[in-house]
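In: Quick one, what's the 3D model for this:
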Amino acid sequence: MRKPRLRRRQLWRLSFGLAMVGLTSTLLTGAGQAKESPAAQSTSRITASDGTQYTATNHLLPSARGHGREWMLAWAGSADPTKPDFMAVLDATKGSASYGEVVNTVTLGPGLANEAHHMQYVWHKGDRLYAGGLKSDTTFVFDTSQLPSLRLAGVNVASDTPCGTMPDAYQVMRDGTAYGSFLGGGDVAGPCTYTNGQVRTGNGAAGSPGEIVLFDRNGKTLAEIPAATAAGEDPKLCGNVPVLKKATCANPHGIMVNERRNILVASDFVEAANFSSPEAPLREDLARPTVRVWDISNRKDPKMLSVSKVPDGPRAQLESDPIWYESRVLMEPALPNKPEHKGAFVSSMTGGAVFYTPDIKAPKPVWKEIIDDTSAYREAGAEPDVRGGGDNSSWLMVSPDDRFLFHTVMGVPKAYGQPLDKTTGMVYVLDIRKLLASGDNPKCSVDRLKEVFDGGQEHDCPAVVGTQMIRDVTDGGPHWGAMDNFAQNSNGTWKETKKIKRLAVANYFIAGAFGGDGDHRVCMLNLTEQGKLSMDRSFRDENTHKPCVSFNRTSWPHGDNGDARPHGVLFTVSDGVLK
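Out: Numbers count the residues shown, from 1 in each chain. Predicted coordinates:
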């Protein structure tokens with residue numbers, strides 16, 4: 001039986017606003033002894049538009065030398081606000097003598113406590129690397145051509161995007177430009193003029209409305225694009241604090257682009273400023289249930305095609321607070337890749353459900369729930385009373401071959417008044433082939449309470465084919481993930497592949513007095529042809545020798561800087577051996 005007070009208190013653990021008030025959590029005891037670093041240093045410098053000179057310094061260990069390999073990049077913030085944030089480069093070449101080792105840390109200056117957040121979802125040969133600082137309202141752009149070394153190529157600072165704050169996620173285009181989602185409102189309250197001359201009125205930083213930004217290859221703002229409609233939205237559905245004359249739910253978090261179809265899809269999250277302290281109002285109309293779609297034929301001036309709402313589901317009748325309805329707090333959209341697949345997926349963070357629409361370009365997309373995380377918990381072997389509502393579900397991604405949908409769930413710390421290892425985090429895999437094959441008329445719809453627990457009963461509903469529990473007994477769990485989209489050729493070179501065999505996940509959301517900090521591990525999961533998941537136990541921390549790489553440690557290649565918090569993760573390959 002759920003305890004409403006505990007559930008309501010748990011919402012504060014969503015803690016986006018904690019970054020805005022600069023709260024920090026207690027540091028955990030790190031592994032590894034203090035030692036002199038043998039790292040070779042090299043520094044690149046960029047002067048931003050505000051005149052500040054930014055630096056990125058590589059600290060490359062001897063183990064990074066040798067023939068080109070596959071690397072995992074982990075965008076990490078120092079747990080000590082007086083220490084620099086950094087991009088960690090880990091050896092991700094299975095079978096390598098240094099597999100799992102942090103072989104380089106690229107420290108950033110002069111700014112501290114950026115709240116390192118997301119990068120792009122997938123990296124391709126030639127891509128620049130886009131990494132966002134949620135708290136600092138800054139986007140860092142790196143040249144990846146000399147991996148495992150990185151060079152700073154550009155910095156986009158707060159004054160470069162006056163109509164938006166809190167950069168979240170990025171999508172890199174074939175021409176090297178990139179779209180980014182900005183969750184929060186403009187730098188100051190009041191009217192803001194976008195690049196196309198349109199004006200929207202907002203209630204200030206971390207408020208509403210957010211925006212979409214188009215960057216060039218060096219991080220320069222090419223266009224600020226309004227996410228709010230000109231007419232406004234239903235004020236009963238879309239609350240704003242302070243109240244706006246034209247209500248809006250426009251707080252874009254996840255962002256997906258299909259260049260072939262010229263579409264951009266963004267999911268709305270929360271009005272972050274209103275989660276900044278326990279005294280702030282907590283209302284269900286601040287938990288967003290909406291998805292926005294643009295036609296990006298004109299890259300600098302996209303046309304908004306639709307704003308649609310996902311439905312409340314059958315589990316709503318069990319919940320004591322609308323915050324936990326299936327439709328609330330949409331975190332991530334995901335798009336299929338094949339030309340014949342026109343639909344889209346979206347997941348809800350406090351709602352704990354995944355939805356699907358068969359045609360995302362329709363004037364009024366119709367969404368149906370296709371799985372409640374509750375049924376995935378059943379498949380994973382969780383306790384019978386662990387449900388999806390409030391489970392902090394996060395990363396969502398379709399495999400390049402359109403066979404699988406990958407999804408991470410952080411878990412619901414203390415939501416049931418139970419031990420944290422009971423309300424576990426997990427990663428699960430759905431086989432979505434039947435659903436995509438159903439074309440314009442899918443039958444799958446989780447609309448009965450029985451289907452919440454047993455899964456959708458229609459023939460085209462996706463099947464849970466793989467699960468992996470990741471128990472984090474702090475206050476977090478697996479939040480973000482990445483697909484390994486590379487395979488090694490027989491001659492030692494590498495190629496991009498559509499057959500995913502590994503996933504990586506990071507156990508960290510946002511730190512603060514209300515939780516979401518996690519245990520700071522990055523884990524590697526193996527994926528079979530059938531979609532089964534298992535922990536890669538050979539991907540071990542070089543200090544503890546336990547599976548998963550811990551970012552709680554004393555020493556790094558850049559010195560004795562203590563614990564760090566990994567958020568975004570990404571697979572990459574040295575340019576010279578990627579064909």
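In: Is A56 in contact with V141, as I believe?
Out: No: the pair A56 / V141 is not scored as a contact, 10.1 Å apart, by C-beta atoms under 8 Å. From N, CA and C alone the C-beta is placed, and that goes for glycine too.
In: Touching both of the two, which residues are there?
Out: The contact sets of A56 and V141 overlap at L152 (C-beta atoms under 8 Å, 6 or more residues apart in numbering).
In: so how far does stretch 332-343 reach from one end to the other?
Out: 14 Å (C-alpha to C-alpha, to the nearest Å).
In: Can you pull out the residues in contact with it?
Out: By C-beta under 8 Å, 6+ apart, stretch 332-343 touches 253-258, 260-261, 263, 265-267, 291, 344-347, 356-361, 394-398, 400-402, 405, 432, 436, 440, 442.
In: what stretches of the stretch 351-500 of the chain score poorly on pLDDT?
Out: The model of the stretch 351-500 of the chain has pLDDT under 70 over residues 412-422.
In: which residue ranges form the helices in it?
Out: Using DSSP state H, counting those that start in this stretch, the helices of the stretch 351-500 of the chain run over residues 373-380, 433-437, 449-454.
In: Out of the ones you listed, which is the most enclosed?
Out: Most buried of the helices of the stretch 351-500 of the chain by mean neighbour count (mean count of other C-beta atoms under 10 Å) is helix 373-380; its value is a mean of 23.
In: Do you have the strands of the stretch 301-450 of the chain handy? List them.
Out: 303-309, 330-334, 344-348, 353-357, 368-372, 393-398, 404-409, 425-431 (DSSP state E, counting those that start in this stretch).
In: how about those, which one is nearest A64?
Out: Minimum separation from A64 across the strands of the stretch 301-450 of the chain (C-beta to C-beta) falls at strand 393-398, 27.4 Å.
In: what packs against the closest one?
Out: On a contact count with 3 or more C-beta pairs under 8 Å, 6 or more residues apart in numbering; DSSP states H and E, strand 393-398 meets strand 330-334, strand 344-348, strand 353-357, strand 404-409, strand 480-483.
In: The second one vs strand 353-357, what angle?
Out: For strand 344-348 against strand 353-357, the angle by axes from the mean of the first three to the mean of the last three C-alpha atoms, to 10 degrees is 160 degrees.
In: cool, and the fourth one?
Out: With the same axes, to 10 degrees defining the directions, strand 404-409 sits at 150 degrees from strand 353-357.
In: any chance of the strands of the stretch 301-450 of the chain in JSON lines, with mean neighbour count and distance to K499 too?
Out: Below are the strands of the stretch 301-450 of the chain laid out as JSON lines (neighbours: other C-beta atoms under 10 Å; distance: least, C-beta to C-beta, whole Å):
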{"stretch": "strand 303-309", "mean neighbour count": "17", "distance to K499": "33"}
{"stretch": "strand 330-334", "mean neighbour count": "26", "distance to K499": "18"}
{"stretch": "strand 344-348", "mean neighbour count": "29", "distance to K499": "20"}
{"stretch": "strand 353-357", "mean neighbour count": "27", "distance to K499": "23"}
{"stretch": "strand 368-372", "mean neighbour count": "26", "distance to K499": "24"}
{"stretch": "strand 393-398", "mean neighbour count": "25", "distance to K499": "14"}
{"stretch": "strand 404-409", "mean neighbour count": "26", "distance to K499": "10"}
{"stretch": "strand 425-431", "mean neighbour count": "25", "distance to K499": "14"}
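In: Let's have these in a markdown table, adding distance to A189.
Out: Putting the strands of the stretch 301-450 of the chain into a markdown table (distance: least, C-beta to C-beta, whole Å) gives the following:
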| stretch | distance to A189 |
| --- | --- |
| strand 303-309 | 23 |
| strand 330-334 | 25 |
| strand 344-348 | 29 |
| strand 353-357 | 33 |
| strand 368-372 | 36 |
| strand 393-398 | 30 |
| strand 404-409 | 35 |
| strand 425-431 | 37 |
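In: check contacts around V307.
Out: Neighbouring residues of V307 by C-beta under 8 Å, 6+ apart: 229, 233, 249, 290-293.
In: try it again with 10 Å
Out: Neighbouring residues of V307 by C-beta atoms under 10 Å, 6 or more residues apart in numbering: 227-229, 233, 238, 248-250, 268, 290-293, 364-365.
In: which residue packs closest to P235, ignoring adjacent ones?
Out: A247 (3.8 Å; C-beta to C-beta, 6 or more residues apart in numbering).
In: ok, now A189?
Out: Closest residue to A189 apart from its sequence neighbours, by C-beta to C-beta, 6+ apart: G204 at 3.9 Å.
In: Tell me which of the contacts of V307 fall in helices.
Out: In helices, judged by DSSP state H, none of those are found.
In: isn't V89 right next to T572, touching?
Out: Yes: if you go by C-beta atoms under 10 Å, V89 and T572 touch, sitting 8.6 Å apart.
In: and for these two, which residues touch both?
Out: Shared contacts of V89 and T572, defined by C-beta under 10 Å, 6+ apart, are found at 71-73, 147-148, 150.
In: what about K94, how many residues close to it?
Out: Look at K94: counted by other C-beta atoms under 10 Å, it has 17 neighbours.
In: Just the element for it, please.
Out: Here K94, judged by DSSP states H and E, is contained in no helix and no strand.
In: The closest residue to it other than its chain neighbours: neighbouring residues, count only.
Out: Spatial nearest neighbour of K94, chain neighbours left out: S538 (7.3 Å); criterion: C-beta to C-beta, 6+ apart. Applying other C-beta under 10 Å, we find 12 other residues in the vicinity of S538.
In: now S538: how far from T544?
Out: 14 Å (C-beta to C-beta, to the nearest Å).
In: do P148 as well
Out: Counting by C-beta to C-beta - P148 and T544 are separated by 22 Å.
In: who's more crowded, those two?
Out: Higher neighbour count among P148 and T544: P148, with 23 against 14, using other C-beta under 10 Å.
In: you'd agree that one is up against G68?
Out: Yes: between P148 and G68 there is a contact at 9.2 Å, judged by C-beta under 10 Å.
In: hmm, back to that, and the helices of the stretch 351-500 of the chain as CSV, adding distance to P336?
Out: Below are the helices of the stretch 351-500 of the chain laid out as CSV (distance: least, C-beta to C-beta, whole Å):
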stretch, distance to P336
helix 373-380, 20
helix 433-437, 6
helix 449-454, 23
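In: Which one of those lies nearest to Q120?
Out: When the helices of the stretch 351-500 of the chain are compared for distance to Q120 using C-beta to C-beta, the nearest one is helix 433-437, at 23.8 Å.
In: can you pull the contacts of R537?
Out: Residues counted as contacts of R537 (C-beta under 10 Å, 6+ apart) are 524, 526, 546-548.
In: before we move on, what about E451?
Out: Going by C-beta under 10 Å, 6+ apart, E451 touches 313-315, 369-372, 374-375, 444-445, 457-458, 461.
In: ok, now with 8 Å
Out: Counting by C-beta under 8 Å, 6+ apart, E451 has contacts 314, 372, 375, 457.
In: Repeat that for E70.
Out: E70 neighbours (C-beta under 8 Å, 6+ apart): 91-93, 484, 486, 488, 494, 571-573.
In: how near is it to G476?
Out: Using C-beta to C-beta, we find E70 at a distance of 27 Å from G476.
In: returning to that earlier point: farthest-apart pair in the contacts of R537, please.
Out: The span of these, defined through C-beta to C-beta, is set by N526 and K546 at 16.9 Å.
In: Hmm, A266 is touching N251, no?
Out: No: A266 lies out of contact with N251 (C-beta under 8 Å); the separation is 9.4 Å.
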